[in-house]
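**Student:** Curious how this folds, go ahead:
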Amino acid sequence: MAKVTIENAEVVKHLADKGFIAETRYQLKTGEQKSDKWTVWGKQPPIGAVVNIDGLLSVKLEEFPGDEGQVRYARGHINNPNITESAQPPLQAQRGEAAILDQWPTADVNLEAPF
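**Tutor:** I've put the predicted structure just below:
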């Protein structure tokens, strides 16, 4: 197994009393919004809480019957998690100069790309 760190994940669902589903959101270069969902086995923070998670990663193939046949996907499962409250709310989608300066505060946004 590999160790994984997930930052600013929102707790979106409890799994009985065994764990929870955490979701991270991000924006692609095209502007499209994406999200990743993680199954975390352990202590359950309240729904809507934003947390950081460290733990052991395993990936399992999951499937269910969908409208167009069997749907298969891989989901990351996190075991033996260390869960801490995040210092910031989930990342809001930013675009252009604001997104660059948020990630790299000292960047010069007036330079052209070197490629």
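**Student:** Quickly list what the residue minimising distance to the centre of the chain is bridged to.
**Tutor:** Centroid-nearest residue in the chain, with C-alpha atoms, centre = their mean: residue 24, separated by 2.4 Å. Beta-bridge partners of residue 24, counted by DSSP bridges, are residue 36.
**Student:** residues contacting it?
**Tutor:** 6-10, 35-36, 38, 90 (C-beta atoms under 8 Å, 6 or more residues apart in numbering). C-beta: built from backbone N, CA, C; applies to glycine.
**Student:** where does it sit relative to residue 35, distance-wise?
**Tutor:** 6 Å (C-beta to C-beta, to the nearest Å).
**Student:** what do you get for residue 19?
**Tutor:** Residue 19 sits 18 Å away from residue 35 when distances are taken as C-beta to C-beta.
**Student:** And these two? Which one has more around it.
**Tutor:** residue 19 (20 against 10; other C-beta atoms under 10 Å).
**Student:** Find the nearest non-adjacent residue to that one, please.
**Tutor:** Closest residue to residue 19 apart from its sequence neighbours, by C-beta to C-beta, 6 or more residues apart in numbering: residue 41 at 4.1 Å.
**Student:** Please report which of the contacts of residue 24 has the highest neighbour count.
**Tutor:** Neighbour counts for the contacts of residue 24 (other C-beta under 10 Å) peak at residue 9, which has 26 neighbours.
**Student:** hang on, that residue packs against residue 20?
**Tutor:** No - counting by C-beta atoms under 8 Å, residue 9 does not reach residue 20; the two are 9.7 Å apart.
**Student:** Please enumerate the helices of this structure.
**Tutor:** In the chain, the helices defined using DSSP state H lie at 96-103.
**Student:** can you count the residues close to residue 41?
**Tutor:** Residue 41, neighbours per other C-beta under 10 Å, totals 16.
**Student:** Same question for residue 50.
**Tutor:** Around residue 50 there are 19 other residues, counting by other C-beta under 10 Å.
**Student:** Retrieve the pLDDT associated with residue 40.
**Tutor:** Looking at residue 40, its pLDDT reads 95.
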